[in-house]
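S.K.: I'd like to go over a predicted model; first the sequence, then the structure.
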Amino acid sequence: MSIHDPAAAPAVGQTVVADPSSAVPLIPVGDLARTYARLKPEIDAAVGRVLQSGWYILGREVAAFETAFASYLGVGHAVGVGNGTDAIALGLRALGVGPGDEVITSPLSAAFSALAISQIGAVPTFADIDPRRMTLDPAAVAAAITPRTKAVMPVHLYGQPAEMDPILVLARKHGLKVLEDCAQAHGARYRGRPVGGWGDAAAFSFYPSKNLGAFGDGGAVTTQDPAIADRLRQLRNGGQSARYVHSLVGVNSRLDELQAAILGVRLDHLDRDNARRRAIAACYDAALAGSTRLIAPWTAPDVEPVHHLYVLRTVDRTGLKARLAAQGIASDVHYPTAIHCQPAYAARFRSGQFPEAERAADEVLSMPLVPELTDEEVERVAAALELEA
């Protein structure tokens, strides 16, 4: 179960205490202050560069990051926007999805995946998940297609890529657009290629906790199609085709220069950080090997995950969470309620309609996993999991 690795990120930042009356140091699920401490010289220099430039919206930093991110993913275009929700909404609009159109997506995700569909007047519909991949089951997608379906939006959940090949076959057969939700999968690969370049377009979030996170909100849409990219650039900037010429009914959703500069720094570290995440996940996997009480996340042979979250499954989530907390190990639930069971959508669906997603929502528990965890912290978590297994 050793986590010692020459590529491991150094231990940085002070540990916080789980309880003021306890001497047990808390191992956090995430700690953004550690990220800043590790990258402080580079981030401070990038921020200072932007402040001194006097140009803060849609300038050189955004253009440079868009170029670098598109190159990293092997796609033709990346268009920075204000946040991940807008990335989905604008990506769908750029693909021609509009009011009344149905978009099939996963019921196991952050609710923002569906909210972005609703934001443009389209209708989120759901297909159940593959219980091992925890992403859209292609057979369920096929069964969910109706004459009103306009697009499919697979979610690469927890850093695990969705099964894209059969989804793309279905989309081509039925004339559907495909928008990938890559909010949790920066750098993940499916069949050797990064996610974000498989569909007609892809939406990324740069929320601070993401593998590639800003120090505020941010997002991007990627595509190989220059016409889609041009439409996105107009839509994000009030629909302007030229200054003061509003050719489309657009929105105000622009990635700002400060966040783009910070993202440029973090992009340079992304592969190393993802490697550290994989090393930590491998340590946890070893601790859970053979367990029937705690089920480790399954990785398909055709993917390379980036472990945005390490999500195990257990029927005793409440008990496990409490026992880990008593040892100073934080945990979290992503996500406790399937989207179709949320009050905002419950009137259109029934409990039990997507049983695999609902079962997962009852069982998932996220362990500490960020690149800045120390080897000692990782080994403490692994030892606790081994005892529970």
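M.R.: Ah, there it is.

S.K.: First-to-last residue distance for stretch 364-382?
M.R.: The first and last residues of stretch 364-382 sit 17 Å apart, counting by C-alpha to C-alpha, to the nearest Å.

S.K.: oh, and call the first residue 33 from now on, that's how I've got it
M.R.: Happy to do that; since the first residue is 33 now, the last one works out to stretch 396-414.

S.K.: Flag every buried residue along it.
M.R.: By 16 or more other C-beta atoms under 10 Å, the buried positions in stretch 396-414 come out as 396-407, 409-414. For every residue, glycine as well, the C-beta is placed using N, CA and C.

S.K.: Show only the entries of those residues found in helices.
M.R.: Judged by DSSP state H, the buried residues of stretch 396-414 include D407, E409, V410, E411, R412, V413, A414 as members of helices.

S.K.: so which of these comes closest to R180?
M.R.: Nearest to R180, judged by C-beta to C-beta, of these is V413 at 46.1 Å.

S.K.: next one: the top helix by length along the chain to chain centre, how far?
M.R.: Determined from DSSP H, the single longest helix within the chain is helix 289-320. On the basis of C-alpha atoms, centre = their mean, to the nearest Å, helix 289-320 sits 13 Å off its chain's mean C-alpha point.

S.K.: what does stretch 276-287 give?
M.R.: Relative to its chain's centre, stretch 276-287 lies at 26 Å (C-alpha atoms, centre = their mean).

S.K.: List the contacts of that stretch.
M.R.: Here stretch 276-287 makes contact (C-beta atoms under 8 Å, 6 or more residues apart in numbering) with 89-90, 94, 97, 112-115, 118, 122, 238, 250-252, 263, 266-273.

S.K.: Now, these that are in helices?
M.R.: Counting by DSSP H, those place V94, F97, D118, L122, R263, Q266, L267, R268 in helices.

S.K.: can you pull the pLDDT of the second one?
M.R.: On the pLDDT scale, F97 is placed at 98.

S.K.: For it, give me its contacts.
M.R.: Residues near F97 by C-beta under 8 Å, 6+ apart: A110, G112, L287, A292, A293, L295, G296, L299.

S.K.: and if we set it to 6 Å?
M.R.: A292, L295, G296 (C-beta atoms under 6 Å, 6 or more residues apart in numbering).

S.K.: so where do the helices sit in this protein?
M.R.: So, for the chain - with DSSP H - the helices run 64-85, 92-105, 116-126, 144-151, 170-176, 196-206, 258-268, 289-320, 349-358, 387-395, 407-420.

S.K.: For the ones in helices among the buried residues of stretch 396-414, give me TSV that also has pLDDT.
M.R.: Putting those into TSV (pLDDT from 0 to 100) gives the following:
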residue	pLDDT
D407	98
E409	98
V410	98
E411	98
R412	98
V413	98
A414	98
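
S.K.: Among those residues, pick out the one closest to L147, please.
M.R.: Nearest to L147 among these, with distances taken as C-beta to C-beta, is V413, at 32.5 Å.

S.K.: Contacts only, for the closest one.
M.R.: Per C-beta under 6 Å, 6+ apart, neighbours of V413: I361, P400.

S.K.: Just the buried ones from the contacts of stretch 276-287, in ChimeraX syntax?
M.R.: Buried residues among those (16+ other C-beta under 10 Å), as a ChimeraX selection:
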select :90,94,97,112,113,114,115,118,122,238,250,251,252,263,266,267,268,269,270,272
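
S.K.: my guess is L244 meets H218, correct?
M.R.: Yes: with contact defined as C-beta atoms under 6 Å, L244 counts as touching H218 (4.0 Å).

S.K.: got any ranges where this protein has weak pLDDT?
M.R.: Applying pLDDT under 70 to the chain flags residues 33-55.

S.K.: So what's the residue count around L147?
M.R.: L147: 17 surrounding residues under other C-beta atoms under 10 Å.

S.K.: What is the end-to-end distance of stretch 167-186?
M.R.: Using C-alpha to C-alpha, the end-to-end distance of stretch 167-186 comes to 7 Å.

S.K.: ugh, wrong one, stretch 224-244
M.R.: 20 Å.

S.K.: sorry, back to before: and of the ones in helices among the buried residues of stretch 396-414, the nearest to T157?
M.R.: Minimum distance to T157 across these is 38.0 Å, recorded for V413 (C-beta to C-beta).

S.K.: Now F97: closest residue in space, sequence neighbours ignored.
M.R.: In this structure, F97 finds its nearest non-sequential neighbour in A292, 4.2 Å apart by C-beta to C-beta, 6 or more residues apart in numbering.

S.K.: and that neighbour, how many neighbours?
M.R.: Neighbours of A292 (other C-beta under 10 Å): 28.

S.K.: Now do the contacts for it.
M.R.: E93, V94, F97.

S.K.: now I152
M.R.: By C-beta under 6 Å, 6+ apart, the neighbours of I152 are A121, L124, R125.

S.K.: Can you tell me how far it is from T350?
M.R.: 38 Å (C-beta to C-beta, to the nearest Å).

S.K.: Next: Y377.
M.R.: Distance from Y377 to T350, by C-beta to C-beta: 25 Å.

S.K.: the more surrounded of the two?
M.R.: Neighbour count, other C-beta under 10 Å: between Y377 and T350, Y377 has more, with 18 against 9.

S.K.: Report how many residues lie close to the closest residue to that one other than its chain neighbours.
M.R.: Leaving out its chain neighbours, the residue that sits closest to Y377 by C-beta to C-beta, 6+ apart is I371, at 6.2 Å. Using other C-beta under 10 Å, I371 is surrounded by 26 other residues.

S.K.: again with P333
M.R.: For P333, the count of nearby residues is 5 (other C-beta under 10 Å).
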